[in-house]
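Asks: no sequence on this one, just coordinates:
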């Protein structure tokens, strides 16, 4: 799975702020019910099947349910992912290349559907409590759709209900680990943040 495919499955999952509930599954359900916007900072590490680091990155993200987001990678190289509610725009600054996908195709049965889709998430995912480790409560979500590119997603919440970390394991053996900081729940975000116009001369590819 290439970088764009992996990012399209990840972007919305990283948009969670504090949620005060006793269990990780309850925290996720409360987020879907009560949270509309999120803003914060993330760091990302990609591990191969031998758990060796193959890439590190990070940046900032903003999010508005349903289906609107702005995901800015500042390292290892500049990338921008914007969802406008109907399409997802992936912009590679170094290549000056834009890839456009329909929102439902980009999200599909990926982990993003946990937060971007219906509130009845258990129609698409089997949710289970993993347990506590180091002061973090973990849940696991396994997609019911066989065509999903991910085997499982784990989400770790602090004792105060704040999302601390996520682990996403794909069908190619790679694991993406995300950690979060400076998360704001329900901030006011201007609509211009979820719009994207391809730069002049950019190579635009529609899928």
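Replies: Sure, I can see it. Because the structure is a prediction, the values reported are computed rather than measured.
Asks: residue 192: what secondary structure?
Replies: helix (DSSP: H, G, I helix; E, B strand; the rest coil).
Asks: next, count neighbours for it.
Replies: By other C-beta atoms under 10 Å, the residues close to residue 192 number 7. To be clear about C-beta, it is placed using only N, CA and C from the backbone, and glycine gets the same treatment.
Asks: from residue 82, how far out is it?
Replies: Relative to residue 82, residue 192 is positioned 11 Å away (C-beta to C-beta, to the nearest Å).
Asks: what is the distance between stretch 122-130 and the centre of its chain?
Replies: Offset of stretch 122-130 from its chain centre (C-alpha atoms, centre = their mean, to the nearest Å): 17 Å.
Asks: tell me which residues in that stretch are buried?
Replies: By 16 or more other C-beta atoms under 10 Å, the buried positions in stretch 122-130 come out as 124-125, 127, 130.
Asks: from those, which shows the smallest pLDDT?
Replies: Minimum pLDDT for those is recorded at residue 124 (74).
Asks: what's the distance between that residue and residue 40?
Replies: Applying C-beta to C-beta, the value for residue 124 to residue 40 is 25 Å.
Asks: before we move on, the earlier item: can I get the buried residues of stretch 122-130 in TSV including distance to residue 170 and secondary structure?
Replies: TSV is the format used below for the buried residues of stretch 122-130 (distance: C-beta to C-beta, whole Å; DSSP: H, G, I helix; E, B strand; the rest coil):
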residue	distance to residue 170	secondary structure
124	17	coil
125	15	strand
127	19	strand
130	18	strand
